[in-house]
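A.B. asks: prediction below, plus the sequence it came from.
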Amino acid sequence: MSITGLIDSPGAWSGRGLLVVSHDALLPQNCVKCGRPTNEPLLRRKFSWHPEWYVVLIFVGLLPYIIMAMVASKRMVVHVPLCSRHLERYKALRLAAIFLLLGSIPEMIAAGKWLPEDFQGVGIFAGFLALLAGLVCLSIYGAVLRPKYIDDNFGFFRNVNRDFLSLLPPCPPNIRPRYGAGIFQRAD
Ligand SMILES: [Zn+2]
């Protein structure tokens with residue numbers, strides 16, 4: 001099983017409990033969440049990452065932080081293998097997030113406009129709860145893999161099943177984050 005994984009996964013390695021991938025990596029046909037073999041279509045996910053210190057820009061202002069994060073974040077597309085159970089779960093989360101986020105704002109506006117005055121507060125609060133629920137769904141959906149570090153060549157991801165990682169060859173010593181992530185600082 002591990003031999004198959006080694007042969008079928010160019011550009012993918014494991015290191016310190018992280019999945020390490022190049023931008024054109026082909027992952028083994030096993031679910032990243034449970035390690036089971038799968039023939040399901042790959043989930044295409046775009047990830048972005050920026051150094052954690054960028055968040056101090058929030059103290060300068062939300063807009064400088066958003067602009068800096070948009071301009072300077074490193075991005076990577078990963079085609080994520082998932083079993084049918086996990087693929088359905090993440091698709092449902094994506095659908096719920098879209099439905100709740102897109103529905104909550106018009107619901108709050110409609111509640112404020114058309115509901116009888118006594119019920120307006122409840123109606124707007126319900127929309128606010130839907131907005132929060134949508135953000136939670138979006139966050140769980142996004143956590144299928146969590147980027148720890150991304151640069152122009154490689155991405156380092158956590159939230160990956162151990163059995164899945166065991167299919168991959170160890171990360172070569174020359175592949176290291178340049179700075180910031182602090183994940184490979186200990187000696188091998
Ligand atoms: Zn699975």
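C.D. replies: Everything's here; your move.
A.B. asks: and after the biggest helix by length in the chain, which helix or strand comes next?
C.D. replies: Counting residues, the longest helix in the chain under DSSP state H turns out to be helix 84-114. Past helix 84-114, further along toward the C-terminus, the next helix or strand under DSSP states H and E is helix 117-142.
A.B. asks: from the ion, how far off is the most centrally placed residue in the chain?
C.D. replies: Ranked by distance to the mean C-alpha position of the chain (CA atoms, centre = their mean), the top residue is residue 142 at 3.4 Å. Taking CB to the ion, to the nearest Å as the measure, residue 142 falls 17 Å from the ion. In this view, the C-beta of every residue, glycine as well, is placed from N, C-alpha and C.
A.B. asks: try residue 95
C.D. replies: From residue 95 across to the ion, the span is 18 Å (CB to the ion).
A.B. asks: got it, and residue 34?
C.D. replies: Relative to the ion, and taking CB to the ion, residue 34 is found at 3 Å.
A.B. asks: just give me the neighbour total for that residue.
C.D. replies: For residue 34, the neighbour count with other CB atoms under 10 Å is 14.
A.B. asks: what about it, helix or strand, and which?
C.D. replies: Secondary structure here is read from DSSP H and E; on that basis residue 34 sits in neither a helix nor a strand.
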